[in-house]
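A.B. asks: sequence first, then the predicted structure:
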Amino acid sequence: MPATNPRKKIKEMEVMVAEAIPEAHDTVTLVLFTGNDKLDYQPGHFLTISPHQFPGLQRWVAYFEDLKGKKEPPRAYSMSSSPDEKYLAFTVKEERYVSGVTPYPPLLSPILAKRTLPGAMMVITGFTGPYRLTDEVRSRYGEIVHVCAGSGVVPSFSIIKHDLRMNEKSKHTLVFSNKVMEDVMFFRQLRELEQQFPGRLRVIHTLTRETQNVFSDQVRQGRVSHTLLQEAITNPEDTVAFVCGPDHSVWQRKAAKESGEALPPSFLSSVLQGLEQVGLQKDQIVKESYG
């Protein structure tokens, strides 16, 4: 019988927060000190963090578990560092409770985004995830387009900067949607990458609720449109798309079904439909959602 590849074991490690870097008013990148642990991960991977380990959350964890009738699962956060960098980092955006939209108040992200200081210890588990630019995909397509919204840019940010540094021929376009300018994370870093790799990275920001005059060729107004996708994808047959952003949650779908009301299109569903209209096939799209 042919030998089978053993499934890679997910690693658990204790880390210390070395730095907390604000990325936006509600978003922080936590840089981790990992000691001598070997960090075997790929751009686009995520780690998970269990809320059970934080003493300040014990009462909330117990309450939610009683309310839901099941154990609180670990939360997943995408890596914003890349394997060629000397540090390990993930970026987390504070989730908000919205009446009628979210069933429960967020448990872990407010603590990580607002109350985690350098020196804090935590246990992380990693690394895994299907949102990756593989050698096979890279060999098949010459153009890589990322369409992201909000914190959905984090895994693509890791992929983009790593691929630009490691592969001389790769070309990336990022279409990045946010509500207002102050929501945009990694703005400076993305601009620096564009300058460092001219002709190989193009970033187009699009803002849906901005009222100030900040618009230009690089900063557009409105949602990700069919026209914008056509501009970003000039050769559909030679393009692979990475899409990451909000989608309707299971709770939202259930509530809509019970009420008989149709949900408006989510960011993810709208973009996927737009990519299909532009001419991309399903096997040319790598997607990841949150919600």
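C.D. replies: Arrived safely, thanks for sending. All values reported here derive from a predicted model rather than from experimental measurement.

A.B. asks: what is the mean pLDDT for stretch 27-37?
C.D. replies: Per-residue pLDDT values over stretch 27-37 give a mean of 91.

A.B. asks: for it, buried residues please.
C.D. replies: For stretch 27-37, the neighbour count (16 or more other Cβ atoms under 10 Å) marks Thr27, Val28, Thr29, Leu30, Val31, Leu32 as buried. (C-beta placed from N, C-alpha, C; glycine too.)

A.B. asks: do the same with stretch 273-291
C.D. replies: Along stretch 273-291, these residues count as buried under the neighbour rule (16+ other Cβ under 10 Å): Gly274, Leu275, Val278, Leu280, Gln284, Ile285, Val286, Lys287, Glu288, Ser289, Tyr290, Gly291.

A.B. asks: now that stretch: average pLDDT?
C.D. replies: The average pLDDT within stretch 273-291 is 92.

A.B. asks: kindly report the same for stretch 150-162.
C.D. replies: Average pLDDT, stretch 150-162: 97.

A.B. asks: next one: stretch 182-193
C.D. replies: When the per-residue pLDDT values of stretch 182-193 are averaged, the result is 96.

A.B. asks: so how far is it off the chain centroid?
C.D. replies: The gap between the average C-alpha position of stretch 182-193 and the chain average comes to 14 Å, counting by Cα atoms, centre = their mean, to the nearest Å.

A.B. asks: same check, this time on stretch 59-66
C.D. replies: Taking the mean of its C-alpha atoms, stretch 59-66 sits 27 Å from the chain's own mean (Cα atoms, centre = their mean).

A.B. asks: just the C-alpha atoms of it, please, in PDB.
C.D. replies: In PDB, the C-alpha atoms belonging to stretch 59-66 read as follows (Å, rounded to 0.1, in the frame of the first residue of the first chain):
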ATOM      1  CA  ARG A  59     -18.100  34.200  34.500                       C
ATOM      2  CA  TRP A  60     -19.000  35.300  30.900                       C
ATOM      3  CA  VAL A  61     -17.800  32.000  29.500                       C
ATOM      4  CA  ALA A  62     -19.900  30.000  32.100                       C
ATOM      5  CA  TYR A  63     -22.900  32.200  31.400                       C
ATOM      6  CA  PHE A  64     -22.700  31.800  27.600                       C
ATOM      7  CA  GLU A  65     -22.200  28.000  27.900                       C
ATOM      8  CA  ASP A  66     -25.300  27.700  30.100                       C
END
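
A.B. asks: quick one: contacts of that stretch?
C.D. replies: By Cβ atoms under 8 Å, 6 or more residues apart in numbering, the list of residues contacting stretch 59-66 from outside reads Pro51, His52, Lys71, Glu72, Tyr104, Leu107.

A.B. asks: would you confirm that Ser78 belongs to a strand?
C.D. replies: Yes - read with DSSP: H, G, I helix; E, B strand; the rest coil, Ser78 is one of the residues of a strand.

A.B. asks: pretty sure it contacts Phe90?
C.D. replies: Yes - counting by Cβ atoms under 8 Å, Ser78 sits close enough to Phe90 to count as a contact (6.5 Å).

A.B. asks: what's the overlap in contacts for the two?
C.D. replies: Jointly contacting Ser78 and Phe90 under the rule Cβ under 8 Å, 6+ apart are Phe46, Val154.

A.B. asks: thinking again about what came up before, just the buried residues of stretch 273-291: which are in strands?
C.D. replies: Restricting these to those inside strands, with DSSP state E as the criterion, leaves Ile285, Val286, Lys287, Glu288, Ser289, Tyr290.

A.B. asks: for the chain, what spans make up the helices?
C.D. replies: Using DSSP state H, the helices of the chain run over 58-68, 109-114, 135-140, 153-166, 187-196, 226-232, 250-259, 267-278.

A.B. asks: looking at those, which is buried most?
C.D. replies: With neighbours taken as mean count of other Cβ atoms under 10 Å, the helices of the chain reach their highest mean count in helix 153-166, at a mean of 24.

A.B. asks: which elements pack onto that helix?
C.D. replies: In terms of contact count using 3 or more Cβ pairs under 8 Å, 6 or more residues apart in numbering; DSSP states H and E, helix 153-166 is assigned the packing partners strand 75-78, strand 143-149, strand 171-178, helix 187-196, strand 239-246.

A.B. asks: these two touch, right, Arg165 and Pro83?
C.D. replies: No - with contacts defined as Cβ under 8 Å, Arg165 does not count as touching Pro83, sitting 10.3 Å away.
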